[in-house]
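# Here is the input, now give the coordinates:
(one chain, ligands or ions: 1)
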Amino acid sequence: MSIPRGAISAVRDAQHVFVLTGSGVSAESGVPTFRDAQSGLWAKYDPLQLATPDAFLNDPALVWRWYRWRRELAARATPNPGHLALVRLARFVPQLTLVTQNVDGLHQKAGSRDVVEFHGNLFENRCLNENVIVTDAAECVDVPLCPDCGGPLRPGVVWFGEAIPAKPLETAIAASSQCDLFLSVGTSSAVWPAAGLADSAASNGASIIEINLEATPLTSDSHYNLVGKSGEVLPELLDCLPL
Ligand code: OAD
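Here you go, the predicted model:
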């Protein structure tokens, strides 16, 4: 695609870039998105039966089977050119805040640092009772148990109806109000509060660039809509910069 000159200038001149990524940035690594009709996770499963506190209390073994399947998928995945382009971008701009809704760890695997995991991390285990990360649990059981209190462990991700962890939320809200460029990549902009971060940036005068395959609720508020695969558009955008 030919990237508008204005979008290139906005990135070139940015002092603080806020990047918000969604599952679309991992799609080219073979990790399913959520809402894509045919290939998305939700085409096969009902998330409300799997990704809620009630679902876990109702059938923890079923929920663990789903998350183990997602862990295996994510563990086999490798970062794609979109992830790698964001590592390059962080080296180019004076300040970059990367907030991801993804839990697959691919940004970190690509070399991104200080990744703000807005929805937690698939590979973490947390004690359901004590709400602390547990690293030394026996994994070879249907429902791993906390070695400290004996209660069930849960995957360290945010479920429907749960609050975003305080630290990632504070970091993201602060950065969204300070950035001068907001880059939304591969997200349907459907889930709050992540979907509200762009509004915060725009209300503080930031330019908005969206990279997606389709229109989203953010599209009409974006200054530039780069329609295409993030694994192609992001490297092309970086190649336009005087690196
Ligand atoms: P969605 O599945 O809702 O949206 C993925 C977006 O990425 C869609 O708009 C696709 O068009 C786009 N997309 C797919 N492939 C792409 C590609 N190669 N390049 C660019 N864009 C592409 O996933 P999210 O927006 O990440 O929350 O969903 C947000 C949250 O909803 C998730 O974090 C999850 C879910 O509830 C929790 O689990 C708490």
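# that's a helix at residue 174, yeah?
Yes: the assignment for residue 174, made by DSSP: H, G, I helix; E, B strand; the rest coil, places it in a helix.
# list the contacts for it?
Listed by Cβ atoms under 8 Å, 6 or more residues apart in numbering, the contact set of residue 174 is empty. Bear in mind the C-beta positions are built from the backbone N, C-alpha and C, glycine included.
# Which single residue in this structure comes nearest to the ligand?
Using Cβ to the nearest ligand atom, the point where the chain gets nearest to the ligand is residue 24, with a distance of 2.3 Å.
# give the contact list for the closest residue to that residue other than its chain neighbours.
For residue 24, the nearest residue in space outside its immediate sequence neighbours is residue 186; the separation is 2.3 Å by Cβ to Cβ, 6 or more residues apart in numbering. With contact set as Cβ under 8 Å, 6+ apart, residue 186 has these partners: 21, 22, 23, 24, 25, 26, 27, 33, 82, 211, 212, 230.
# For those, pick the one with the most neighbours.
Ranked by neighbour count under the definition other Cβ atoms under 10 Å, the contacts of residue 186 are headed by residue 25 with 32 neighbours.
# my read: that residue touches residue 102, true?
Yes: Residue 25 lies in contact with residue 102 (Cβ atoms under 8 Å); the separation is 7.0 Å.
# so what's residue 179 up against?
Residue 179 is in contact with 14, 16, 17, 18, 97, 201, 204, 206, counting by Cβ under 8 Å, 6+ apart.
# wait, I meant residue 183
For residue 183, the contacting residues are 11, 17, 18, 19, 20, 209, 211, taking Cβ under 8 Å, 6+ apart as the criterion.
# Output the contacting helices and strands for whichever strand or helix holds residue 56.
For residue 56, the enclosing helix or strand under DSSP states H and E is helix 53-58. Taking 3 or more Cβ pairs under 8 Å, 6 or more residues apart in numbering; DSSP states H and E as contact, the helices and strands that helix 53-58 lies on are helix 60-76.
# How about the helix or strand immediately after the helix it packs on in the chain, which residues are buried there?
Scanning the chain past helix 60-76 towards its C-terminal end, the next helix or strand to appear is helix 81-92 (assignment: DSSP H and E). Residues of helix 81-92 classed as buried by neighbour count (16 or more other Cβ atoms under 10 Å): 81, 82, 83, 84, 85, 86, 87, 88, 89, 90.
# the strands in this protein, which residues?
For the chain, applying DSSP state E gives strands covering 16-21, 95-100, 116-117, 120-127, 153-157, 181-185, 207-212, 224-227.
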